[in-house]
Structures are given as C-alpha cells and as structure tokens.
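Peer 1: Return a 3D structure for these sequence lines:
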Amino acid sequence: MSLPSPTSPIEKTKKSSPLTGLIESRKIYVEYLTGIIRRVAAAWSRSNLPPPELDVMFHSIESVHKTNRTLLAVGNTFSCIQCG
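Peer 2: Purely as a prediction, here's the structure:
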C-alpha cells in the first residue's frame, strides 16, 4: 500500500474553505494510520504476540485512529450540511 503524498492534497485545498482543508488533511491522516495498523497487525498472531509495552503503544495508536475516524465523519457530515 502506498501512502498518499502529505503535500499534494493539502496544496489543492489551499484555495478552498478551511473546513475542506481540515477534512482533507484528516482523511490523509486516517488513511496513514489505517496503513500502519494493518502492517503492524499483520506482523502479529496468537502464537507471536507483541511485548506488553508494544501492545500498549499499538492500542494507543488504534485509539487515535478511532478518534480521528469519528472526527472525519463529523467533519464530512458538517460539510455536507453546509453544502446542501
């Protein structure tokens, strides 16, 4: 999985509203975290568990991912309300 370029979508939204830029950057961040979570989770199995410290860190990343997915959904909803 290739990660999106951190500058190109943001440059496109500079002429747009600040909300559009925020939603686009949040979308990139969520996609990036999704990729990290998938790669890390693929490296572990029930027979090959991570050390406890790494597991705690991974669960923190999952929490950040979940929070940002929620913020993205709220931002998309708000953006749709403004447009409609």
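
Peer 1: ok, the closest residue to Tyr29 other than its chain neighbours - how many residues close by?
Peer 2: Spatial nearest neighbour of Tyr29, chain neighbours left out: Asn68 (5.9 Å); criterion: C-beta to C-beta, 6 or more residues apart in numbering. For the C-beta atoms, the positions are set from N, CA and C on the backbone; glycine is no exception. When neighbours are defined as other C-beta atoms under 10 Å, Asn68 has 17 of them.

Peer 1: which element is Asn68 on?
Peer 2: Asn68 is part of helix 52-83 when elements are defined by DSSP states H and E.

Peer 1: re the thing from before, can you pull the contacts of the residue nearest to Tyr29?
Peer 2: Neighbouring residues of Asn68 by C-beta atoms under 8 Å, 6 or more residues apart in numbering: Arg26, Tyr29, Val30, Leu33.

Peer 1: Give me the buried subset of those.
Peer 2: Among those, those scoring as buried are Arg26, Tyr29, Val30, Leu33 (criterion: 16 or more other C-beta atoms under 10 Å).
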